[in-house]
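1. quick check, what structure comes out for this input:
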Amino acid sequence: MARIQILSNQVANQIAAGEVVERPFSIVKELVENALDANSTQIDVVLEQGGVKSISIEDNGIGIEKEDLFLALSRHATSKINSPKDLEEINSLGFRGEALASISSVAQITLTSKYHQSEMAFSINNEQNITPASRPYGTKILVENLFYNVPARRKFLKAERTEFGYIDSLMKRLLLSNFDVGFSLKHNNKLIYNHPIAKTNEEKNKRLKQSLGETFLTQNFIVNHQVNGLSLVGWAGLPTLNRAQMDMQFFYVNGRVVRDKVITHAIRQAYQDVLFHGRHPVFVLYLTCPASMVDVNVHPAKTEVRFRESQAIHQFIYKALKQQITTPMAEKTVDEVVPPAPAREFKQQQWNFSNITPSARGSFATAEKLYQQPTNTLPSQVENHISPEKITATDADIDYPLGFALAQLHGIYILAQNKKGLVIVDMHAAHERITYEKLKTQYEESHIKSQPLLLPQNFKTSETEVKIVLEQQSFWQALGFDLDVLGEDTIVIRAVPTVLNKENTEGLIKDVIADFNEYGSSDRVIEHINEVLSTMACHGSVRANRTMNINEMNALLREMEITQKADQCNHGRPTWLQYSIADLDKLFKRGQ
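-> Numbering: from 1, shown residues only. This is a model prediction of the structure:
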């Protein structure tokens, strides 16, 4: 007897189900995506015991004809693709024709459907028995007793609450990619939510609140960027709104929920320098691109994609977010976000890479330089310190975003007035960002400008630190320092960067030496040069209890308005806060 045999359909389907049906979450995902592909405008999901006992998905889509019901539960049977060429331009969420067959091999399934051009509804089950039924136009699929015939797999399921949590998270993602569809979710006879079609901003905000919380509604900026057939729109959280996990990151490619290393890296690069270490941004972003440019057939669950021009996609996303993050919030304008059409409606668009230079297709490490925005500086303002400049009558008539300074509070905060109300600025955090951006710009252009000290300073230190000074002389010069060594334990400071405060230069040198010691080789120092510059900026900025006059404070405000990423310091903390007149009235209970 031959040892190699063709597997039976039942065994083959159960093997396929191992990839497609991992848990109740997988079933809900596949069936809801099928409902969306059927042009449904209302989808109702009903669960029992986290979906293990039963899952019901009901829609009002185009339905399935009686003649197609036999094939509906068969493997590799689909209405969405016909040829290998179709795989290159997939415009639907489902396409493999495996989901229903895989589900029916590990659960009891009943499919009831009424085709939109038919007068009767019909039902089919695992035994392929078709019977007349009664229902409105659309389809209802009932899945019961998951893994009833594969008890070993059922043991790997988690607690009911956990399994429901997976499905709830999925539904929240689908809510935000299909504003033109109404959704309801019930669990154990309890209505979790019922969202009608979201036509207005208020209805869209309700969905955003459901998925990301109320805080996101007031702490985000609008993304709306189009180039060469690519479009990125949506909402991204302010850097100060961040998470310890990546659980509030919603990214869609042509209406499909995906995760991708290229996308993740581009977004992380865009938020560089404005987030606390180990924190993650919050966003809801929609990328639209020609279907031929993205391969969605690379993962069994279709949650990962592969881009044909991954570097161009990376640079596009990076630039779109970078432009918004580097613009001070005081200067941003608010636009309405119009999410792209669902995946089922995407059409082929013209793809043009003609103006993307070869360098733009380089490594991710080049992203920062490729799209670095030039930093403007005001002559002699906030250089070594905040230089006072008198405000003229003409200045007073200008509507500056951060307004005009009123006073200084405890040598830490600047109080200013603008048209909206009260502005409070953390002067050290603000000046730290200004100094940091200047250092980065000068370093990238050639080297950081230095200023000789009238009297060289020297201090005793360890032999290890002296050795680091000698080994990294070229870097010290590039950073704007002129250092010398006397004997085995003395460092002489002859010049320091012009933009830095000249106080406590010894402490600054020691901290930069500590950075060099941590990063080791020259290559590692280059990789972490921003961390070194951040250390320098922190030391070189105005300190707490530094008394400033009104003109100095106004000079700092004007410098903030033209500095990239001025809304956060180098460590991700906010540099200023706005309180409107309404906010102040509420604090004092005026009008109540």
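
2. check the gap between Arg173 and Ser211 for me.
-> 7 Å (CB to CB, to the nearest Å). Glycine gets a C-beta too; all of them are placed from N, C-alpha and C.

3. cool, Asp260 as well?
-> 20 Å.

4. same question, Asn517
-> 45 Å.

5. and the host helix or strand of Val469, what does it pack against?
-> For Val469, the host element (DSSP states H and E) is helix 463-471. Helices and strands touching helix 463-471, by 3 or more CB pairs under 8 Å, 6 or more residues apart in numbering; DSSP states H and E, are strand 482-486, strand 490-497, helix 505-519.

6. show me which of Asn517 and Ser211 is the more surrounded one.
-> Ser211 (18 against 13; other CB atoms under 10 Å).

7. out of the helices and strands packed on helix 463-471, nearest to Asn205?
-> Relative to Asn205, the nearest member of those by CB to CB is helix 505-519, separated by 44.0 Å.

8. got a list of contacts for the closest one?
-> Applying CB atoms under 8 Å, 6 or more residues apart in numbering, the set of residues contacting helix 505-519 from outside is 457, 459, 461, 464-465, 468-469, 472, 475, 479, 481, 483, 491, 493, 496, 500, 525, 527-528, 531-532, 535-536, 539-540.

9. how about it: buried residues?
-> 505, 508-510, 512-513, 515-516, 519 (16 or more other CB atoms under 10 Å).

10. show me how far it is from its chain's centre.
-> Helix 505-519 sits 33 Å away from the centroid of its parent chain (CA atoms, centre = their mean, to the nearest Å).

11. please renumber so the chain begins at 47
-> With the count now opening at 47, the last piece we talked about shows up as helix 551-565.

12. if we can go back for a sec, same list, the buried residues of helix 551-565, but as JSON lines with pLDDT please.
-> Listed next are the buried residues of helix 551-565 as JSON lines, based on pLDDT from 0 to 100:
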{"residue": "Thr551", "pLDDT": "80"}
{"residue": "Leu554", "pLDDT": "81"}
{"residue": "Ile555", "pLDDT": "85"}
{"residue": "Lys556", "pLDDT": "86"}
{"residue": "Val558", "pLDDT": "84"}
{"residue": "Ile559", "pLDDT": "86"}
{"residue": "Asp561", "pLDDT": "81"}
{"residue": "Phe562", "pLDDT": "81"}
{"residue": "Tyr565", "pLDDT": "74"}
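
13. could you check how far the closest residue to Lys112 other than its chain neighbours is from Leu461?
-> Of all residues not flanking Lys112 in the chain, Phe168 sits nearest, at 4.9 Å (CB to CB, 6 or more residues apart in numbering). Using CB to CB, Phe168 is found at 73 Å from Leu461.

14. what's the lengthiest strand in the chain in contact with?
-> Among all segments of the chain classified by DSSP state E, the strand with the greatest residue count is strand 496-506. In this structure, residues lying in contact with strand 496-506 by CB under 8 Å, 6+ apart are 430, 526-528, 530, 532, 535-544, 548, 551-552, 555.

15. ok, which stretches of the stretch 197-346 of the chain are strands?
-> Ranges of strands within the stretch 197-346 of the chain are 228-233, 236-241, 266-273, 276-283, 288-289, 295-299, 302-303, 326-327, 329-334, 340-341, based on DSSP state E, counting those that start in this stretch.

16. no wait, the stretch 347-496 of the chain
-> Taking DSSP E, counting those that start in this stretch as the test, the strands found in the stretch 347-496 of the chain are 352-353, 450-455, 459-463, 467-472, 496-506.

17. list the contacts of the first one.
-> In other words, strand 352-353. Against strand 352-353 from outside (CB under 8 Å, 6+ apart): 306, 308, 335, 339-341, 344, 359.

18. what pairs with it, and is each one parallel or antiparallel?
-> In the sheet, strand 352-353 lines up against strand 340-341 (antiparallel) (DSSP bridges).

19. which residues does the partner strand contact?
-> Residues outside strand 340-341 that contact it (CB under 8 Å, 6+ apart): 299-300, 351-354.

20. domains in this protein, by residue range?
-> Domain ranges of the chain: 55-241, 259-416, 439-624, per automatic domain parsing.

21. any idea how far the most centrally placed residue in the chain is from Phe267?
-> In the chain, the centroid-proximal residue (CA atoms, centre = their mean) is Phe329; its distance is 4.4 Å. Going from Phe329 to Phe267 by CB to CB gives 10 Å.

22. what sits in contact with each of the two?
-> The contact sets of Phe329 and Phe267 overlap at 281-282 (CB under 8 Å, 6+ apart).

23. picking that back up, nearest to Thr185, of the strands of the stretch 197-346 of the chain?
-> strand 228-233 (15.6 Å).

24. each with direction, which strands does the closest one pair with?
-> Next to strand 228-233 in the sheet, as set by DSSP bridges, lie strand 88-94 (parallel), strand 236-241 (antiparallel).

25. what residues of the last one count as buried?
-> For strand 236-241, a neighbour-count test (16+ other CB under 10 Å) marks 238, 241 as buried.

26. was I right about Phe296 contacting Leu220?
-> No - between Phe296 and Leu220 there is no contact under CB atoms under 8 Å: 10.1 Å.

27. what about Asn247, how many residues close to it?
-> Neighbour tally, Asn247, other CB under 10 Å: 11.

28. ok, the residue nearest to Val304 when sequence neighbours are not counted - contacts?
-> Closest residue in space to Val304, ignoring its immediate chain neighbours: Val351 at 5.0 Å, by CB to CB, 6+ apart. Neighbour list for Val351: 299, 302, 304, 306, 340-342, 344 [criterion: CB under 8 Å, 6+ apart].

29. who's the residue nearest to Ile155 when sequence neighbours are not counted bridged to?
-> What sits nearest to Ile155 in space, not counting adjacent residues and going by CB to CB, 6+ apart, is Val189, at 5.3 Å. Per DSSP bridges, the residues bridged to Val189 are Ile101, Ile155.
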